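Chemist: Sequence and computational prediction follow.
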Amino acid sequence: MTEMVYGSSPVAVREPVLPRWWRTIDKWSLTSVFILFGIGLLLGLAASVPLASRNGLEPFYYVQKQATFGALGLATMLAISMMPPSMVRRLGVIGFLGAMVLVMVLPLVGEDHGKGAIRWLSLGGFSLQPSEFLKPGFVVVTAWLMAAAQEMNGPPGKTISFAILLAVVGFLAMQPDFGQSALIVFAWGVIYFSAGAPMLLIATVGGLVAGAGMVFYNSSEHFARRIDGFLSPEVDPRTQLGYAANAIQEGGFFGVGVGEGQVKWSLPDAHTDFIIAVAAEEYGLVLVLLILGLFGVIVVRSLLRLTAERDPFTRLAGAGLAAIFGVQAMINMGVAVRLLPAKGMTLPFVSYGGSSVIAAGITVGMMLALTRARPRDRMAEIFRRNGAGGGR
């Protein structure tokens, strides 16, 4: 009877998940990730063969493993990119707590794999590096706390996040893993700065980091050896930095040819930390510039899309995730060309490593989820611009 008098009420037709996801996702960043992974597999065909030969395995054993891990990482990235920001926040908090527990037990049950640092947990036939998964979770938790601090009667989120930062860096330094520690501090600084921290405070934190570096230099032989090697005016050609520098010079603009490079037979970490040296030697500066451009597309487009975001958590978390993703790539390539001391850090989606590619998938998946285009209330936007109101 009601419908006869007033007419039937309209039923909202919801767009299916996949079409809505495809319409709102940043396709340039998504495409760049897949191209980076494809380049990683291409380089793995050359870089991992010597490692397989030394270990008595099939020539493409590690390439096959990387393809399997990569498929899992990319699937994880796609699944997370479909989540709303609220679910990304929950996932980040749970992931951070789980990774933090694993980092805390590393000194008791971890392994160093001959690297001089206890960073891995052996789970059957698989080695897990918890610090890789700690980074995206830490960014999300920090952004959540700092966004909450901006609310009326909100918690002291900045103070709590700083306490968490000290705890995380302390446990990472025990491994020791100073590269990941520096990346965590940088991410915290980016989020804090984006949340409105004064420059004096940022400078103070920078001074504390420099002071901590001096302490570690005087107390850690592992740390001091890497710094001394970086500061030395001459590069020992028998070291990893020496092999990498020579490979980059040999490659020139167009490389020595596919499969013709020699650095992969000399560098024990050619398939991980120094994968860019293999790219430079066999394919030349052309491929290196392409890799740089792809990372630039992902980071810059993510930051540009975040400028239109008004939700504090989404804006801060997205900026932090973009920062750690881009800076990790810069550190990896900077080490290879001797702009930075050796850090033991992989190149996301390109270097070999199960933990690395899956953690990169989580990081970029969260970033894609937070930078998806979302409908906004146009009237609210007009009121906000006129100073009469705002919000979503």
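Modeler: All right, it came through fine. Numbers count the residues shown, from 1 in each chain.
Chemist: Residue 316 - how many residues pack around it?
Modeler: Using other CB atoms under 10 Å, the number of residues around residue 316 comes to 27. All C-beta spots, glycine's among them, are computed from the backbone N, C-alpha and C.
Chemist: Can you get me a residue count around residue 214?
Modeler: 9.
Chemist: Revised request: answer the last question for residue 64.
Modeler: By other CB under 10 Å, neighbour count at residue 64 equals 14.
Chemist: and it, what helix or strand is that in?
Modeler: Applying DSSP states H and E as the criterion places residue 64 in helix 61-81.
Chemist: for that helix, the distance to its chain's centre please.
Modeler: Distance, stretch centre to chain centre, for helix 61-81: 15 Å (CA atoms, centre = their mean, to the nearest Å).
Chemist: Check stretch 100-110 too.
Modeler: Taking CA atoms, centre = their mean, one finds the center of stretch 100-110 at 21 Å from the center of the full chain.
Chemist: following the helix holding residue 64, which helix or strand shows up next?
Modeler: helix 85-109.
Chemist: so how far is that next one from its chain's centroid?
Modeler: 15 Å.
Chemist: in that helix, what's buried?
Modeler: For helix 85-109, a neighbour-count test (16 or more other CB atoms under 10 Å) marks 85, 88, 89, 91, 92, 95, 96, 99, 100, 102, 103, 106 as buried.
Chemist: Which residues outside the helix holding residue 64 are in contact with it?
Modeler: 21, 25, 30, 33-34, 37, 40-41, 44-45, 48, 51-52, 88, 91, 271, 349, 352-354, 357-362, 364-366, 368-369, 372 (CB atoms under 8 Å, 6 or more residues apart in numbering).
Chemist: list the buried ones in that helix?
Modeler: Per 16+ other CB under 10 Å, helix 61-81 contains these buried residues: 61-63, 65-66, 69-70, 73-74, 76-78, 80-81.
Chemist: Mind putting those into a markdown table with distance to residue 165 and pLDDT?
Modeler: As requested, the buried residues of helix 61-81 are exported to a markdown table (distance: CB to CB, whole Å; pLDDT from 0 to 100):
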| residue | distance to residue 165 | pLDDT |
| --- | --- | --- |
| 61 | 39 | 89 |
| 62 | 35 | 89 |
| 63 | 38 | 91 |
| 65 | 34 | 91 |
| 66 | 32 | 92 |
| 69 | 29 | 93 |
| 70 | 31 | 94 |
| 73 | 27 | 96 |
| 74 | 30 | 97 |
| 76 | 26 | 97 |
| 77 | 26 | 97 |
| 78 | 31 | 97 |
| 80 | 24 | 97 |
| 81 | 27 | 97 |
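Chemist: wait, which of those is closest to residue 161?
Modeler: Nearest to residue 161, judged by CB to CB, of the buried residues of helix 61-81 is residue 80 at 22.4 Å.
Chemist: quick one: that closest one and residue 74, what's the gap?
Modeler: Taking CB to CB, to the nearest Å as the measure, residue 80 falls 11 Å from residue 74.
Chemist: Check what pLDDT the closest residue to residue 127 other than its chain neighbours gets.
Modeler: Counting by CB to CB, 6 or more residues apart in numbering, residue 127 lies nearest to residue 120, which is 4.6 Å off, once chain neighbours are set aside. Per-residue confidence (pLDDT) for residue 120: 79.
Chemist: before we move on, what about residue 243?
Modeler: The per-residue pLDDT reported for residue 243 equals 76.
Chemist: got it, and the one 3 residues further on?
Modeler: In the prediction, the pLDDT value recorded for residue 246 is 81.
Chemist: Surely it and residue 263 touch.
Modeler: Yes - counting by CB atoms under 8 Å, residue 263 is a contact partner of residue 246 at 7.2 Å.
Chemist: So which bits of stretch 160-175 are buried?
Modeler: Within stretch 160-175, the residues that count as buried by 16+ other CB under 10 Å are 160, 161, 162, 164, 165, 168, 169, 171, 172, 173, 175.
Chemist: Please compute how far the longest helix along the chain lies from its chain's middle.
Modeler: In the chain, with assignment by DSSP state H, the single longest helix is helix 275-306. Mean-position distance between helix 275-306 and its chain equals 14 Å (CA atoms, centre = their mean).
Chemist: got it, and stretch 269-286?
Modeler: Distance of stretch 269-286 from the chain centroid (CA atoms, centre = their mean) equals 19 Å.
Chemist: what mean pLDDT does it have?
Modeler: Throughout stretch 269-286, pLDDT has a mean value of 88.
Chemist: same thing with stretch 140-154?
Modeler: Mean pLDDT, computed over stretch 140-154, is 91.
Chemist: Could you shift the numbering so residue one becomes 51, and keep it that way?
Modeler: Sure thing, new numbering starts at 51, so read that last one as stretch 190-204.
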